[in-house]
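[1] Turn this into a model:
(2 chains)
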Amino acid sequence: SQQGEEDPQALSIQEGENATMNCSYKTSINNLQWYRQNSGRGLVHLILIRSNEREKHSGRLRVTLDTSKKSSSLLITASRAADTASYFCATDSVDSSYKLIFGSGTRLLVRP
Amino acid sequence: DGGITQSPKYLFRKEGQNVTLSCEQNLNHDAMYWYRQDPGQGLRLIYYSQIVNDFQKGDIAEGYSVSREKKESFPLTVTSAQKNPTAFYLCATRQTSTDTQYFGPGTRLTVL
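    As a prediction, this is how the structure comes out:
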């Protein structure tokens, strides 16, 4: 079952611009995590935000969480060509025994 | 990818054959997970194990089997009962203190 749904499905921007990806989910969560996947590779953990947090930063990444709207956003500032990848949100629901449920991802292309 | 290894990187199987995918970790994490990823899709949970000698079915366990005899190892067998096994398979561990999941590099299975 898909819990998180990312929007947009694909995003193409110029190097230096900001990229914003959104994630919506359906049930109450313990935390929400964002991952990056380069083509044909494993997933790399970017950031985890807990249900009692509203915003977190890590380098050029900023994640927000709105539990009332059941949504999260990932902002990548000053994008680089190396940021080209697929980005997934994953939710850890309160009744899921630490199982992550992934969305279908946003494919980001950063043009040099 | 950290301390998680998956082998082989590519695997080809004839219809009717069982194959076993290896996942080994040296992170000393108790929980381990197997996910399946189809092209352009997010990850779906096959099986997970919170502790040695214990495992539970995920959302798409039919046609798969696992064992967890050692903390370091969580092999996945794709049986002939799995109707459409061609996919990218990802193993993960969870760090209890942070709830973060870490992923291996994946195994791409193709049925000929």
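[2] Now that we're looking at the closest residue to A:K99 other than its chain neighbours, what pLDDT does it have?
    Nearest residue to A:K99, sequence neighbours excluded (C-beta to C-beta, 6 or more residues apart in numbering or on different chains): B:L45, at 5.7 Å. (Each C-beta comes from the backbone N, C-alpha and C, glycine too.) We have a pLDDT of 94 for B:L45.
[3] contacting residues for B:L45?
    A:K99, A:L100, A:I101, B:Y33, B:W34, B:Y35, B:G58, B:D59, B:I60 (C-beta atoms under 8 Å, 6 or more residues apart in numbering or on different chains).
[4] what about 7 Å?
    By C-beta atoms under 7 Å, 6 or more residues apart in numbering or on different chains, the contact set of B:L45 is A:K99, B:Y33, B:Y35, B:G58, B:D59.
[5] try B:Q95
    By C-beta under 7 Å, 6+ apart, the contact list for B:Q95 reads B:H29, B:Y102.
[6] What distance do you get for it to A:I76?
    To A:I76, B:Q95 is 24 Å away according to C-beta to C-beta, to the nearest Å.
[7] Tell me what the residue most central in space within chain B is bridged to.
    Centroid-nearest residue in chain B: B:W34, 3.1 Å away (criterion: C-alpha atoms, centre = their mean). When assigned by DSSP bridges, B:W34 has beta-bridge partners B:Y47, B:C91.
[8] And B:R13, what's its pLDDT?
    Confidence for B:R13, expressed as pLDDT, is 89.
[9] Could you do A:V94 as well?
    Per the predicted model, pLDDT is 74 at A:V94.
[10] Pairing partners for whichever residue of chain A sits closest to chain B in the sheet, please.
    Residue nearest to chain B within chain A (C-beta to the nearest C-beta): A:F102, separated by 3.7 Å. Beta-bridge partners recorded for A:F102 (DSSP bridges): A:A90.
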